[in-house]
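Chemist: Model the following, please.
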Amino acid sequence: MNCSIKGEFSPLQSYSGIDMAKELRRVHNLSIPILFTSFLPLNQLFNSEREILTSIGHGFIQLPATPKDFTNYLRSNFTDINGKIRKLSVMELNDIKSFYCSKEGILSHELHALNHYLNFNITAENHDAAYAELLQTIKRVHELFLVDSTHAEMSFQVAFPKLTQDNISDAVSHIVRLGNELLKTYGEREGNTSTIEKSGEKYRWKVLLLDDQIDKEHDLVKQMKANNIKVICVDNADDADDELKKDWKKDNAIMVVIADYRLFEYINGIKHHQKVQGYQFLKNIATSDHLVRLVAFSGLQRKFLLNSFKHYNIRTEVKSKTDYLTSKETRQLFCEEIIELAEENWEAIEALPTKCAGFEKYLKDAYKEFRLHPDYNKMESNLSVTAREYIWEIQQQITQGEEIRIGAIENIKSPLAKTKKDPEAFFKRLQNYLTARRIALWLYAANKKGLGVFIDSRRIAEILTDQKYPTDAYRQILSTNLGLSLDDFPKNITIEERRWLHYDMQLNIFRDIVQMNPVFIKLSKAYKEYIAADKSLEEYLSKYKHILHHKYKLTDYSISFTKDFSPELKTSTDVRVLFLWIAGLIKKDKSKHILSNHWFQNFASPFLKAGTGLFT
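Modeler: The predicted structure follows:
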């Protein structure tokens with residue numbers, strides 16, 4: 001039965017549409033289509049930074065909204081019975097901060113609304129009302145121009161008189177272009193990646209494009225290159241396969257594969273289907289053990305494409321050429337969506353735990369299959385809810401002063417077998433392992449933060465298995481079976497685990513762990529002493545400059561540690577803490593002398609983006 005559920009998707013509600021979707025998936029095991037509606041644009045709801053579900057397989061309708069609408073909504077939904085604003089969750093605060101309290105977010109929303117008028121069909125019935133509504137939207141954009149850009153304001157004043165009831169599309173197109181130029185002045189989009197430099201080339205992401213009509217001279221390819229995306233263009237599946245295998249052997253830098261659904265070739269002037277079609281090529285990649293995001297890019301109807309890939313059991317994005325090849329603005333939107341997919345895939349690869357031999361042997365390949373599974377979103381949602389329910393049970397036991405007992409997590413006492421005759425049973429067992437990992441990570445992180453009871457690795461293993469361990473046998477559970485190295489936390493955890501801890505469990509894991517690091521505590525104390533003694537920041541930093549410059553090799557986002565140098569800095573984590581501390585202080589300092597320092601330019605600047613959020 002084909003039915004849909006309409007509901008506002010917004011973390012601003014105490015029980016949002018996404019919660020309802022998760023509940024239906026988990027409790028009722030329903031796989032019916034879901035139609036999400038929201039005031040926010042699709043790309044702000046489903047992004048790599050706070051992905052809860054992706055838009056794969058789900059319908060979406062954006063509702064109209066203005067800042068005034070939100071003000072009324074805030075007053076009516078966020079106050080308690082006494083008229084006071086209630087405490088907001090991390091997700092709610094993040095949503096307000098990133099959209100409603102951001103000039104960039106408001107402007108992008110207003111420009112999105114203006115796009116409606118680019119190809120507006122003017123009739124006698126809608127003429128006056130549409131024109132009046134358009135003027136109100138443009139007025140809001142104009143106010144943003146006034147605040148942020150003198151040049152844009154001057155250009156706007158030139159364009160605005162041209163707006164009449166007879167040339168709406170032309171004037172709107174000009175205003176949207178000005179608005180997009182203004183958006184660029186707000187700074188680069190946040191992310192945790194940097195430009196990749198290989199063989200003299202500089203690019204942000206590498207993409208393989210399989211299409212019999214789009215070549216390297218196409219406007220879309222040129223625009224992708226302008227966004228620092230290296231595009232490898234091929235027109236047949238054999239060449240695409242060769243390029244992909246070559247990359248896997250060398251750099252493993254291709255993050256996204258884009259393929260047309262149908263591929264043709266001309267033989268003696270007659271059009272023929274190619275031997276291997278785009279959808280077949282995507283299926284072959286989906287069944288491999290490599291993590292790469294897949295995009296079907298075709299002029300065919302979206303409904304047909306979605307049904308086709310559902311039939312082929314492929315996890316892929318579906319994008320229509322008719323939506324993205326119409327203008328420079330839509331091509332730019334395509335580029336931004338590809339960048340988001342690439343970033344998400346890169347994070348997943350980089351976050352793969354690799355230090356534990358147990359994970360390498362038993363879980364790594366299984367985790368890749370989990371990410372490539374067509375029901376990934378459903379399984380990840382169920383996994384998050386299940387782990388969270390265990391944590392709620394633990395928190396209740398701690399509050400009541402009871403011993404922590406949750407019952408044994410099934411099947412985690414033995415390693416995950418590599419061979420699997422029953423895929424459904426295998427993935428169910430894998431989810432037990434991943435659930436146990438999340439519980440263990442939360443217990444460790446919460447204990448570091450101050451859980452109220454002492455919990456070490458042995459106790460974590462006992463809680464997960466409901467069994468006492470008089471010897472070191474418990475290490476088998478954590479290190480080999482679950483592939484966990486808690487001493488290395490918060491590094492080497494999966495991207496899903498990191499998001500779950502941060503968004504679902506509201507633990508800022510890196511900040512919380514770092515601020516309890518002995519080196520951090522010592523530095524903080526020393527810094528207060530320097531301030532009390534009325535000494536300058538530069539004097540404080542000079543004490544550590546020699547250490548970082550001469551004794552540690554600092555490369556992009558890693559530190560090679562020389563263990564025999566300082567008794568204070570015993571691990572690479574200690575060095576990273578020291579380095580981020582200094583970078584944070586430098587960012588706070590207004591002295592141009594320090595910021596122009598040669599040592600800082602060469603070594604500290606790459607870490608500013610990664611580390612200074614801890615200290616602001």
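Chemist: The stretch 201-350 of the chain: helices as residue ranges?
Modeler: According to DSSP state H, counting those that start in this stretch, the stretch 201-350 of the chain carries its helices in the segments 219-226, 237-250, 278-286, 302-311, 321-324, 328-350.
Chemist: Which one of these lies nearest to Leu208?
Modeler: Leu208 lies closest, by C-beta to C-beta, to one member of these: helix 237-250, at 5.9 Å. All C-beta atoms are positioned from the backbone trio N, CA, C, and that covers glycine.
Chemist: Can you check what angle separates that closest one from helix 278-286?
Modeler: 20 degrees (axes from the mean of the first three to the mean of the last three C-alpha atoms, to 10 degrees).
Chemist: Mean confidence (pLDDT) on helix 237-250, please.
Modeler: Averaging pLDDT along helix 237-250 yields 87.
Chemist: how does the protein divide into domains?
Modeler: Domain assignment for the chain by automatic domain parsing gives 102-188, 196-350, 357-513, 518-614.
Chemist: taking the mean pLDDT, what do you get for the last one?
Modeler: Right, the one you point to is domain 518-614. Mean pLDDT, computed over domain 518-614, is 46.
Chemist: so who does Asn252 touch?
Modeler: Residues near Asn252 by C-beta atoms under 8 Å, 6 or more residues apart in numbering: His290, Ile349.
Chemist: Lowest average confidence across the domains of the chain, which one?
Modeler: Least confidently modelled of those is domain 518-614, at a mean of 46 by mean pLDDT.
Chemist: helix or strand right after the helix or strand where Ile391 lies?
Modeler: Secondary structure from DSSP states H and E places Ile391 in helix 376-399. Per DSSP H and E, the first helix or strand lying C-terminal to helix 376-399 is helix 423-449.
Chemist: and that next one, which residues are buried?
Modeler: 426-427, 429-448 (16 or more other C-beta atoms under 10 Å).
Chemist: Next: stretch 466-482.
Modeler: Tyr469, Tyr474, Gln476, Ile477, Leu478, Ser479, Thr480, Asn481, Leu482.
Chemist: Just the endpoints, please. Distance across that stretch?
Modeler: 16 Å (C-alpha to C-alpha, to the nearest Å).
Chemist: okay, the helices of the stretch 201-350 of the chain in JSON lines with mean neighbour count next?
Modeler: What follows is the helices of the stretch 201-350 of the chain, written out as JSON lines (neighbours: other C-beta atoms under 10 Å):
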{"stretch": "helix 219-226", "mean neighbour count": "16"}
{"stretch": "helix 237-250", "mean neighbour count": "15"}
{"stretch": "helix 278-286", "mean neighbour count": "20"}
{"stretch": "helix 302-311", "mean neighbour count": "14"}
{"stretch": "helix 321-324", "mean neighbour count": "15"}
{"stretch": "helix 328-350", "mean neighbour count": "19"}
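Chemist: so can I have a markdown table of these showing distance to Ser384?
Modeler: As requested, those are exported to a markdown table (distance: least, C-beta to C-beta, whole Å):
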| stretch | distance to Ser384 |
| --- | --- |
| helix 219-226 | 33 |
| helix 237-250 | 31 |
| helix 278-286 | 23 |
| helix 302-311 | 23 |
| helix 321-324 | 31 |
| helix 328-350 | 16 |
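Chemist: Tell me which of these lies nearest to Lys206.
Modeler: Closest of those to Lys206 is helix 237-250, at 7.3 Å (criterion: C-beta to C-beta).
Chemist: on contacts alone, who are the packing partners of the closest one?
Modeler: strand 205-210, strand 229-234, strand 254-259, helix 278-286 (3 or more C-beta pairs under 8 Å, 6 or more residues apart in numbering; DSSP states H and E).
Chemist: got the contact list for it?
Modeler: For helix 237-250, the external contacting residues (C-beta under 8 Å, 6+ apart) are 206, 208, 210, 232, 234, 253-254, 257, 259, 263, 274-278, 280-281, 284-285, 290.
Chemist: Could you check the angle that helix makes with strand 229-234?
Modeler: Calculated by the same axes, to 10 degrees, helix 237-250 forms an angle of 140 degrees with strand 229-234.
Chemist: Report the angle between helix 237-250 and strand 205-210.
Modeler: Using the same axes, to 10 degrees: helix 237-250 against strand 205-210 is 160 degrees.
Chemist: got the angle between helix 237-250 and strand 254-259?
Modeler: Using the same axes, to 10 degrees: helix 237-250 against strand 254-259 is 170 degrees.
Chemist: Chain neighbours aside, what residue packs nearest to Gly299?
Modeler: For Gly299, ignoring the flanking residues on the chain, the nearest one in space by C-beta to C-beta, 6 or more residues apart in numbering is Lys321 at 4.3 Å.
Chemist: returning to what we had before: which among the contacts of helix 237-250 end up buried?
Modeler: Neighbour counting by 16+ other C-beta under 10 Å classes 206, 208, 210, 232, 234, 253-254, 257, 259, 263, 274, 276-278, 281, 285, 290 among the contacts of helix 237-250 as buried.
Chemist: Pull up the gap between Gln397 and Ala440, please.
Modeler: Separation of Gln397 from Ala440 (C-beta to C-beta, to the nearest Å): 16 Å.
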